[in-house]
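Enquirer: I'll drop the sequence and a predicted model, then ask my questions.
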Amino acid sequence: MTKSSKATSLEILACDAGWRNYHFVKLTTEDGIVGWSEFDEGFGSPGVGAAIQRLSARVIGQNVFQHERIFAELFAATRPAAGGVVAQALGAIENALLDAKAKSLGIPCYELLGGKIRDRVRVYWSHCATWRINHPSWYKPPIETLDGVKAMGREVREKKFTALKTNIFSYDEGKPTGWRPGFGSPFAPEINVDRKILRDLHMHLEAIRDGAGPDVDILLDCNFNAKTEGYLKILRTIADLDMFWVEIDSFNPEALGYIRKQSPHPISSCETLLSLREFLPYFHAQAMDVAIIDTPWNGVWQSMKIAAAAEAFEVNVAPHNFYGHLCSMMNAHFCAAVPNLRIMEIDIDRLSWDRELFTHEPEIENGHLIIPNRPGWGTEPNEEALRAHPPKTSGGLLNYGRKS
């Protein structure tokens with residue numbers, strides 16, 4: 001027996017999410033089924049929504065059960081420029097199709113991915129101290145001292161999380177400031193790493209370890225904030241610390257492989273890559289211990305292919321997940337089904353109105369996310385709540401480093 005349910009409309013919705021906006025695809029079928037996905041325009045990707053809207057005409061009238069065919073058709077239609085925001089548009093459409101298909105069948109999305117391997121997924125508290133330092137008006141309580149960083153580590157331990165991830169900070173007169181030259185804050189395009197930054201980073205990590213205690217794993221995200229020389233300086237500076245991984249973004253797989261060979265800590269990377277084609281050079285260069293896959297960008301179905309390739313190179317995977325609750329649920333289904341999983345990222349510090357925006361929040365027990373068994377992704381945006389928090393006209397990385 002074959003199933004058929006044609007897409008009849010595809011809409012874009014958005015709402016205020018503090019320092020950025022949340023963005024959603026709403027795909028409706030002839031049966032009245034609604035498939036949802038979340039995407040992002042704040043992480044260096046302005047224009048994804050416009051690309052989705054332009055591509056929607058090729059989706060309307062198609063059978064949502066044939067998501068692989070639709071993806072292939074859209075890729076063919078955009079082949080000369082199929083990366084960047086176009087690739088992310090394809091990923092957002094694919095994820096909405098998967099939700100609609102699973103709901104039509106009355107099953108969770110993980111059943112479409114091969115079935116559930118695990119009932120719960122270990123998570124790490126991402127942007128730990130980071131959100132409360134960089135965005136104190138939205139994430140409480142604000143952190144203004146090293147003692148606040150130490151207290152943050154203690155909070156993670158007391159709330160029974162087993163891992164946390166933090167970022168790089170400089171300290172001036174004891175007050176921490178996010179150090180993000182790779183994103184223009186401060187504006188320093190040469191992105192060199194000086195001695196003060198190295199000292200401050202070591203001090204920051206020691207403080208968070210003092211609070212978290214010896215049994216909580218600590219991860220460091222360096223993002224694009226250095227070049228090869230700088231990353232090596234960072235790794236030498238923190239060689240005496242026990243790190244779960246150091247996350248490094250590099251546009252050059254050979255350079256990252258060179259860094260990994262000299263690193264005393266495991267290296268994770270690749271969260272900004274799009275499609276299996278972009279991951280392969282990093283696998284061949286043995287550039288990382290853990291491949292980070294952004295499933296909202298790539299599409300969860302395509303992400304399973306990337307994970308399968310990683311397995312062939314003896315590499316485990318982790319999802320890139322710092323968006324809204326729908327993205328967390330999408331990533332949870334990926335984590336439930338993928339064999340070679342390392343750990344899952346999630347933000348625990350949330351906006352005060354986040355819980356209003358979705359029908360269900362992720363359920364977390366003792367540092368593990370419980371995989372939901374509801375049809376589709378297991379949560380949906382609340383459209384009335386989205387309207388109550390209209391999107392900003394600016395925000396995200398495009399606003400970083402700007403003087404008010």
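Expert: Ah, there it is. Numbers count the residues shown, from 1 in each chain.

Enquirer: Quick one: mean pLDDT over whichever strand or helix holds residue 256.
Expert: Per DSSP states H and E: residue 256 is located in helix 253-262. For helix 253-262, mean pLDDT rounds to 98.

Enquirer: Show me what it is packed against.
Expert: If you count contacts as 3 or more CB pairs under 8 Å, 6 or more residues apart in numbering; DSSP states H and E, helix 253-262 packs onto helix 228-237, strand 267-269, helix 276-284. For glycine as for every other residue, the C-beta is placed from the backbone atoms N, C-alpha and C.

Enquirer: now the following helix or strand past the longest one: mean pLDDT?
Expert: What it means is helix 228-237. Later in the chain than helix 228-237, the nearest helix or strand by DSSP H and E is strand 245-247. Averaging pLDDT along strand 245-247 gives 98.

Enquirer: just checking, what packs against strand 245-247?
Expert: Where contact means 3+ CB pairs under 8 Å, 6+ apart, strand 245-247 is packed against strand 217-221, strand 267-269.

Enquirer: okay, these in a markdown table with mean neighbour count next?
Expert: Putting those into a markdown table (neighbours: other CB atoms under 10 Å) gives the following:
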| stretch | mean neighbour count |
| --- | --- |
| strand 217-221 | 22 |
| strand 267-269 | 25 |
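
Enquirer: need these in a markdown table with distance to residue 312 and mean pLDDT, can you?
Expert: As requested, those are arranged in a markdown table below (distance: least, CB to CB, whole Å; pLDDT from 0 to 100):
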| stretch | distance to residue 312 | mean pLDDT |
| --- | --- | --- |
| strand 217-221 | 25 | 98 |
| strand 267-269 | 18 | 98 |
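
Enquirer: Any chance of JSON lines for those strands, columns distance to residue 169?
Expert: As requested, those are exported to JSON lines (distance: least, CB to CB, whole Å):
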{"stretch": "strand 217-221", "distance to residue 169": "11"}
{"stretch": "strand 267-269", "distance to residue 169": "20"}
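
Enquirer: the helices in this protein, which residues?
Expert: Ranges of helices within the chain are 48-55, 67-77, 84-105, 130-134, 146-158, 195-212, 228-237, 253-262, 276-284, 295-298, 300-312, 325-337, 383-388, based on DSSP state H.

Enquirer: want to throw those helices into a markdown table with mean neighbour count and distance to residue 168?
Expert: Below are the helices of the chain laid out as a markdown table (neighbours: other CB atoms under 10 Å; distance: least, CB to CB, whole Å):
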| stretch | mean neighbour count | distance to residue 168 |
| --- | --- | --- |
| helix 48-55 | 20 | 27 |
| helix 67-77 | 16 | 37 |
| helix 84-105 | 25 | 26 |
| helix 130-134 | 22 | 9 |
| helix 146-158 | 19 | 13 |
| helix 195-212 | 19 | 5 |
| helix 228-237 | 18 | 8 |
| helix 253-262 | 18 | 16 |
| helix 276-284 | 17 | 22 |
| helix 295-298 | 27 | 24 |
| helix 300-312 | 20 | 27 |
| helix 325-337 | 27 | 24 |
| helix 383-388 | 14 | 34 |
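
Enquirer: So which of the helices and strands packed on helix 253-262 is nearest residue 121?
Expert: When the helices and strands packed on helix 253-262 are compared by CB to CB, strand 267-269 sits nearest residue 121, at 16.4 Å.

Enquirer: Which elements pack onto the closest one?
Expert: Using 3+ CB pairs under 8 Å, 6+ apart: strand 267-269 touches strand 245-247, helix 253-262, strand 290-293.

Enquirer: can you list these in a markdown table and add distance to residue 211?
Expert: Below are the helices and strands packed on strand 267-269 laid out as a markdown table (distance: least, CB to CB, whole Å):
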| stretch | distance to residue 211 |
| --- | --- |
| strand 245-247 | 20 |
| helix 253-262 | 29 |
| strand 290-293 | 25 |
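
Enquirer: which stretch among the ones you listed comes nearest residue 103?
Expert: Comparing the helices and strands packed on strand 267-269 by CB to CB, strand 290-293 comes nearest, at 23.9 Å.

Enquirer: partners of the closest one, with directions?
Expert: Each strand paired with strand 290-293, and its direction, by DSSP bridges: strand 267-269 (parallel), strand 316-319 (parallel).

Enquirer: hmm, who's touching the last one?
Expert: With contacts defined as CB atoms under 8 Å, 6 or more residues apart in numbering, strand 316-319 is touched by 268, 289-295, 303, 306-307, 310, 331, 334-335, 338, 340-345.

Enquirer: one step back: which one of the helices and strands packed on strand 245-247 lies closest to residue 111?
Expert: Of all those, it is strand 267-269 that lies closest to residue 111, at 28.5 Å by CB to CB.

Enquirer: what's the offset of that closest one from the middle of its chain?
Expert: On the basis of CA atoms, centre = their mean, to the nearest Å, strand 267-269 sits 14 Å off its chain's mean C-alpha point.

Enquirer: That's all I had, so thanks and see you.
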